[in-house]
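# quick check, what structure comes out for this input:
(chains A and B)
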Amino acid sequence: MPDRLFEDLYRDTEGLRWATATQVRKRGRQLARRRTATGLAVAVVLVVAGAAGTAVALAGSGPSPELPDVVATAPSTPPPSAVTPSATPPTGGGPSSPTTSRSDPPALADRTGGDASRAMRVPADAMLRASDLAPGYRVDDPEHEGDWLLGFFAGLCDGWDSGGLSPVAYRERYFVHGRDGVQQRVERYTRTLASDYLPTLRANLRNCPEIGVDVVDEGFAGDESLLAVTDDRHGWIVVRRGDLVTQIAIDTPGDRAGARRLAERAALRLCAGTDRC
Amino acid sequence: MAQGSDFEEFYQSTRHRVVTVLYALGGNMADAQDATQEAYARAWQRWTKVGGYADPEAWVRVVARRIQLNRWRKLRNGLVAYRRHGPPPPVEPPSENSAALVAALRQLPADQREAIVLHHLVDLPVAAVATQLGVPVNTVKTRLARGRRALGHLIGAEFTEENAHA
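Residues are numbered from 1 along each chain as shown, chains lettered A, B, ... in the order given. Below is the predicted model of the structure:
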């Protein structure tokens, strides 16, 4: 039995209206389908569907909404900045150049997808490693979804146009340190679409001031790059190199120098997956 | 079919405890239910595996807490709220005692709050709390002692003896 002090809490939560088990199972199937979904266009569709989602809606009789995702849990000590690089930088630009460390993730920790042939898949070496981040970060389990992607949030804007951008392959990796997290997704596009990616993104952000995401820095890494920020806890680094585009979600976007350093590392890592370095 | 009925029974028999834990930890009923509901959907996704765990409720509780803490989810919900037309549906107000307790819990450091809730609300033994939080037993005891002392100051709370749970 819980402590007497908490009995009132249990009473307060007794009368909640819950989704039926059938609705929960349906939602589980939606999540499973979403795991296989790729690309900006798909993320936009999901956001539009999810915009109607609230706890009340799910608990009621309507269709199950898209709901959010898991990120790291809990410890109490605030970690250092997510974008403060560790002492050992990558050492070059080629596929074999990134350094390795004991904290580097196994390939199985990544989430991958897309219909690309084996040769077109995004290699694990094209991803950031824990050693690229501030000390204390580790690779998290692949329990997450793509709700953190910039396109997912920007899709809340009515004027958002995906521009038909859809990657042929992608790989995601997640890092955590206490409550903070860094998420990275690398997508491979056809060469034409890859060069359309950042211009499309910029145009959409310009056309969607209501979501409050601003481009605050550009041209600092790879072939093209930008830093987009919505508040002091949510920012996105986007870097393109050749036909690869990476998005990195960071939680200290005010640290512009740190964001630039992380972007440069990511751009170097991308060289492992493209011949455009 | 059996798998579905197992899940349904699990869902119906455990959701009240899980949502109460999240309410105590986060202080917002709608947010707690949203995260709880999502965690059960994820449990169903993996039910073949999760249903075989010794304590699937603990799995749901941890996943729900992670969902509750997800900063991206909070951002998304804020944007959705921005777009939503009309006021949110009415929510039954909490009782006076609950409101005071939740407000007091919110004033505790997160580590003490988690320990207090898991031990005194979920009724987990200290060793199980330590396992769930990934910290030594003595650390849990320290957090409990400090958390109880702080709650005592804030709302005059009196707790049952720790030994009764340990």
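# domain ranges for chain B?
Using automatic domain parsing, the domain parsing of chain B gives B:1-92, B:94-166.
# possible to save those as CSV with mean pLDDT?
Formatted as CSV, the domains of chain B follow (pLDDT from 0 to 100):
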stretch, mean pLDDT
domain B:1-92, 83
domain B:94-166, 85
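# turn those domains into CSV, including mean neighbour count.
Every residue, glycine included, has its C-beta placed from N, CA and C. Conversion of the domains of chain B to CSV gives the following (neighbours: other C-beta atoms under 10 Å in any protein chain shown):
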stretch, mean neighbour count
domain B:1-92, 18
domain B:94-166, 18
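# go ahead and confirm residue B:57 touches residue B:11.
No: in this structure residue B:57 lies outside contact range of residue B:11 using C-beta atoms under 8 Å: 10.3 Å.
# what sits in contact with each of the two?
Counting by C-beta atoms under 8 Å, 6 or more residues apart in numbering or on different chains, no residue touches both residue B:57 and residue B:11.
# sorry, back to before: tabulate the domains of chain B (a markdown table), appending distance to chain A.
As requested, these are exported to a markdown table (distance: least, C-beta to the nearest C-beta, whole Å):
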| stretch | distance to chain A |
| --- | --- |
| domain B:1-92 | 3 |
| domain B:94-166 | 4 |
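# closest to residue A:20 out of those domains?
Residue A:20 sits nearest to domain B:1-92 of all those, at 8.7 Å, using C-beta to C-beta.
# take the domains of chain B and write them to a markdown table, including distance to residue A:201.
Shown next, in a markdown table, are the domains of chain B (distance: least, C-beta to C-beta, whole Å):
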| stretch | distance to residue A:201 |
| --- | --- |
| domain B:1-92 | 17 |
| domain B:94-166 | 35 |
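# count the neighbours of residue A:202 for me.
16 (other C-beta atoms under 10 Å in any protein chain shown).
# can I get stretch B:17-34 in PDB, CA atoms only?
Backbone C-alpha positions of stretch B:17-34 (Å, rounded to 0.1, in the frame of the first residue of the first chain) are rendered in PDB as follows:
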ATOM      1  CA  ARG B  17      -0.700   3.400 -10.700                       C
ATOM      2  CA  VAL B  18       1.500   4.500 -13.600                       C
ATOM      3  CA  VAL B  19      -0.400   7.700 -14.200                       C
ATOM      4  CA  THR B  20      -0.400   8.600 -10.500                       C
ATOM      5  CA  VAL B  21       3.400   8.200 -10.400                       C
ATOM      6  CA  LEU B  22       3.800  10.500 -13.400                       C
ATOM      7  CA  TYR B  23       1.400  13.000 -11.900                       C
ATOM      8  CA  ALA B  24       3.300  13.000  -8.700                       C
ATOM      9  CA  LEU B  25       6.600  13.500 -10.500                       C
ATOM     10  CA  GLY B  26       5.500  16.000 -13.100                       C
ATOM     11  CA  GLY B  27       2.600  17.800 -11.400                       C
ATOM     12  CA  ASN B  28       0.400  18.000 -14.500                       C
ATOM     13  CA  MET B  29      -2.400  15.500 -14.800                       C
ATOM     14  CA  ALA B  30      -3.000  15.900 -18.600                       C
ATOM     15  CA  ASP B  31       0.700  15.600 -19.300                       C
ATOM     16  CA  ALA B  32       0.900  12.600 -17.100                       C
ATOM     17  CA  GLN B  33      -1.900  10.800 -18.800                       C
ATOM     18  CA  ASP B  34      -0.600  11.700 -22.300                       C
END
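# flag every buried residue along stretch A:194-202.
A:194-195, A:197-198, A:200-202 (16 or more other C-beta atoms under 10 Å in any protein chain shown).
# switch those over to TSV; also include distance to chain B.
Formatted as TSV, the buried residues of stretch A:194-202 follow (distance: C-beta to the nearest C-beta, whole Å):
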residue	distance to chain B
A:194	25
A:195	28
A:197	21
A:198	22
A:200	20
A:201	17
A:202	19
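# which SS class is residue A:181?
Following DSSP: H, G, I helix; E, B strand; the rest coil, residue A:181 is assigned to strand.
# hang on, it packs against residue A:139?
No: in this structure, residue A:181 is not within contact of residue A:139 by C-beta under 8 Å, at 10.9 Å.
# between these two, point out the one with more neighbours.
A direct count of neighbours by other C-beta under 10 Å for residue A:181 and residue A:139 places residue A:181 higher, at 25 against 19.
# name the element residue A:10 belongs to?
helix A:7-12 (DSSP states H and E).
# actually, residue A:221.
Per DSSP H and E: nothing holds residue A:221, as it lies in no helix or strand.
# what stretches of the stretch 101-250 of chain A score poorly on pLDDT?
Applying pLDDT under 70 to the stretch 101-250 of chain A picks out residues A:101-109, A:114-116, A:118, A:141-147, A:154-155.
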